[in-house]
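Visitor: model the structure of this input:
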Amino acid sequence: MAAPLALTLGEPAGIGPDIALAAWAARQALDLPPFLLIGDPDLLAARARTLGLDVPVEPATPETAAATCPRALPVLATGHPATAQPGRPDASSAPAAIAAIETAVALVRAGRAAAVVTNPIAKAVMYQAGFAFPGHTEFLAELAAGDGSSSTGGGDSRPPVPIADFREISDFENENPRVSPARCASIPGRRKRLRPVMMIWSELVAVVPVTIHIPLAEVPRRLSRELIVETATITARDLAARFGIARPRLAVCGLNPHAGEGGTLGREDEDIVRPAVAALRGLGLDVRGPLPADTLFHAAARATYDAALGMYHDQVLAPAKALAFDTAVNVTLGLPFVRTSPDHGTAFELAGTGRASPSSLIAALRLAHRLSSPT
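Guide: Model (predicted):
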């Protein structure tokens, strides 16, 4: 029997439990692939009662999940009970969320799960518990690069990498995109370098921000030709390898209005973006740019590319979410396994109310199944 998807609980006080329960309840009508929820079964059963959902919860393993899924929500306990109430994270939240992520990665690396689907975590809550990574994706990259465990939550005796240090070497957070692999390897606790790239995917559009969660005022300083080339190369590689696009077409946005108007509205597009595009073409990739972002997302323009790369977060995520807010999926490129996630946060204010939509999680489950299925 095929391995199931490994779905993490996420922040126990958020909407992760709600949408996981709702997705299971809709499994037959939507023909969803089997998934194994990793988390506290008691919390899930209690949340189902709070929501008035008739969702039986049953202990399971990766080997029994597919057989269990038609009759009950299969749950693999991690040994970290979650006591948080809806909308109110507590001291159990971070350990439960971390253990679920570590378990999911261990399962997929062992071939016992087909892919990892992660429910949202609350980074502020995680930081208070000593979480040593800027976010979900960096933690997954660390687990993927090593033995599947981390000093943050899984018995690894190495000292954790402080958030400031990890951000210094994290290309994904772009705190210093010119840091070399040698510098990366010199940080205590670091292992081989993995470069995760965030892509927001939907049936309507796929976008990749080159810089991510940094202040807009700092984008020009942190943008580099090397960062654009690396991001685009990883994007093209995974579009070919995972999405089956033989020759991916990439559209690269300019940083400035009208892609800089030939340098009259800022030099970044001429000095950084255009040379990066030329370098990518020299590698044999199908790349256009720099292109004005304001005309890149109407239907006719979207038909000309497979993914659009933006120079900063909101440049491409705003149009992507406007087009497909309920069905957009966060896909991490550059990992040795498939990882998807709903494209939203913990929404504490909706937890336990029954008003949280499972649409993005359902799309994430479907995409993870598609990308991890043999072709």
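
Visitor: okay, now the domains of the protein?
Guide: As given by automatic domain parsing, the domain ranges for the chain are 1-196+335-375, 197-333.

Visitor: reformat the ones you listed as CSV; add mean neighbour count and mean pLDDT.
Guide: Quick note: C-beta positions are derived from backbone N, CA and C, even for glycine. Formatted as CSV, the domains of the chain follow (neighbours: other CB atoms under 10 Å; pLDDT from 0 to 100):
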stretch, mean neighbour count, mean pLDDT
domain 1-196+335-375, 20, 83
domain 197-333, 19, 97
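
Visitor: separation between the residue located most distally from the centre of the chain and residue 217?
Guide: Largest separation from the mean C-alpha position in the chain: residue 264, at 36.4 Å (CA atoms, centre = their mean). Distance, residue 264 to residue 217, by CB to CB, to the nearest Å: 21 Å.

Visitor: over to residue 312?
Guide: To residue 217, residue 312 is 10 Å away according to CB to CB.

Visitor: next: residue 325.
Guide: From residue 325 to residue 217 the distance is 27 Å (CB to CB).

Visitor: can you give me the strands in the stretch 151-300 of the chain?
Guide: 197-201, 206-209, 249-253, 286-291 (DSSP state E, counting those that start in this stretch).

Visitor: any chance of those in JSON lines, plus distance to residue 61?
Guide: Listed next are those as JSON lines, based on distance: least, CB to CB, whole Å:
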{"stretch": "strand 197-201", "distance to residue 61": "30"}
{"stretch": "strand 206-209", "distance to residue 61": "34"}
{"stretch": "strand 249-253", "distance to residue 61": "41"}
{"stretch": "strand 286-291", "distance to residue 61": "44"}
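
Visitor: among the ones you listed, which is nearest residue 297?
Guide: In terms of CB to CB, the element of those nearest to residue 297 is strand 206-209, at 8.7 Å.

Visitor: distance between the helix or strand hosting residue 320 and the chain's centre?
Guide: According to DSSP states H and E, residue 320 maps onto helix 313-324. Put simply, helix 313-324 sits 15 Å off its chain's centre (CA atoms, centre = their mean, to the nearest Å).

Visitor: which other helices and strands does that helix contact?
Guide: Secondary-structure packing of helix 313-324 (3 or more CB pairs under 8 Å, 6 or more residues apart in numbering; DSSP states H and E): strand 197-201, strand 206-209, strand 307-310.

Visitor: how about those strands in TSV, adding distance to residue 238?
Guide: TSV is the format used below for the helices and strands packed on helix 313-324 (distance: least, CB to CB, whole Å):
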stretch	distance to residue 238
strand 197-201	8
strand 206-209	10
strand 307-310	10
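
Visitor: to residue 15, which of those lies closest?
Guide: Distance to residue 15, taken as CB to CB, is lowest for strand 197-201 among the helices and strands packed on helix 313-324, at 18.9 Å.

Visitor: which residues sit against that closest one?
Guide: 137, 172, 206-209, 212, 231, 234-235, 238, 307, 316-317, 320-321, 328-334, 343, 367 (CB atoms under 8 Å, 6 or more residues apart in numbering).

Visitor: over to stretch 17-34?
Guide: Outside stretch 17-34, the residues within contact range by CB under 8 Å, 6+ apart are 2, 4-5, 7, 9-10, 35, 37, 39, 43-44, 47-48, 51, 53-55, 65-66, 69-70, 73-74, 86, 119, 342, 350-352, 354, 356-358, 360-362, 365-366, 368-369.
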